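how would this look folded up:
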Amino acid sequence: MASAKFTSQIVDDDYTHALRVYRDGISGAVRLQASVYKRPKEHTPIWTAFITSHLNRKFWLRRIDERTVIVRDLQLSIFMMPEDYMPGTTVRGDHILKFKFKSGERILQDTFLDNHKV
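Predicted coordinates:
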């Protein structure tokens, strides 16, 4: 069973979503998941991306400012129709995570700096 290791709010495509980092207890796989934040559809996934292979690489997360992180080479599985959702990306195609609160960016970075927390 997967357990959440990190949760924060992000603003994505003009909506507030819950961003979570999950680690599967059996396989050890780690993934990011953005879900609907508000009821009645809270926890409904918008997208997910497995990041286990990223954890041993340097520079896959890059801080832009106190609320923004760029995630390199993220392969999203999107669970919405293209006309209903457009993820934020750079011109290079890297994913943009915009946190609603300043603490989200810092905690995400800290979580991945020490792989033992994930």
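
what secondary structure does the residue nearest to the spatial centre of the chain sit in?
In the chain, the centroid-proximal residue (CA atoms, centre = their mean) is Leu32; its distance is 4.3 Å. Under DSSP: H, G, I helix; E, B strand; the rest coil, the three-state class of Leu32 is strand.

distance check, it against Ala4.
For Leu32, the distance to Ala4 (CB to CB, to the nearest Å) stands at 11 Å. Every C-beta, even on glycine, is put in place using the N, C-alpha and C of the backbone.

any common contacting residues for those two?
Common neighbours of Leu32 and Ala4 are listed as 20-21 (criterion: CB atoms under 8 Å, 6 or more residues apart in numbering).

excluding chain neighbours, what is closest to Ser77?
Nearest non-adjacent residue to Ser77, counting by CB to CB, 6 or more residues apart in numbering: Thr48, 5.3 Å away.

now the helices for this structure?
In the chain, helices defined by DSSP state H lie at 102-113, listed in chain order.

any stretches of it with poor pLDDT?
1, 109, 111-118 (pLDDT under 70).

quick check: closest non-adjacent residue to the residue nearest to the centre of the chain.
Ala49 (5.1 Å).

just to check, the one you found is in contact with Ala29?
No. Counting by CB atoms under 8 Å, Ala49 stays clear of Ala29, with 11.2 Å between them.

who has more neighbours, these two?
A direct count of neighbours by other CB atoms under 10 Å for Ala49 and Ala29 places Ala49 higher, at 18 against 14.

just to revisit the earlier point, got the contact list for the residue nearest to the centre of the chain?
19-21, 48-49, 51, 71, 74.

would you turn the residues you listed into CSV with distance to Val91?
Formatted as CSV, the contacts of Leu32 follow (distance: CB to CB, whole Å):
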residue, distance to Val91
Leu19, 23
Arg20, 27
Val21, 26
Thr48, 24
Ala49, 20
Ile51, 22
Val71, 15
Leu74, 15
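
can you count the residues close to the residue nearest to Ile10 when sequence neighbours are not counted?
Distance criterion CB to CB, 6+ apart; nearest residue to Ile10, sequence neighbours excluded, is Leu19 at 4.6 Å. Per other CB under 10 Å, the neighbour tally for Leu19 reads 21.
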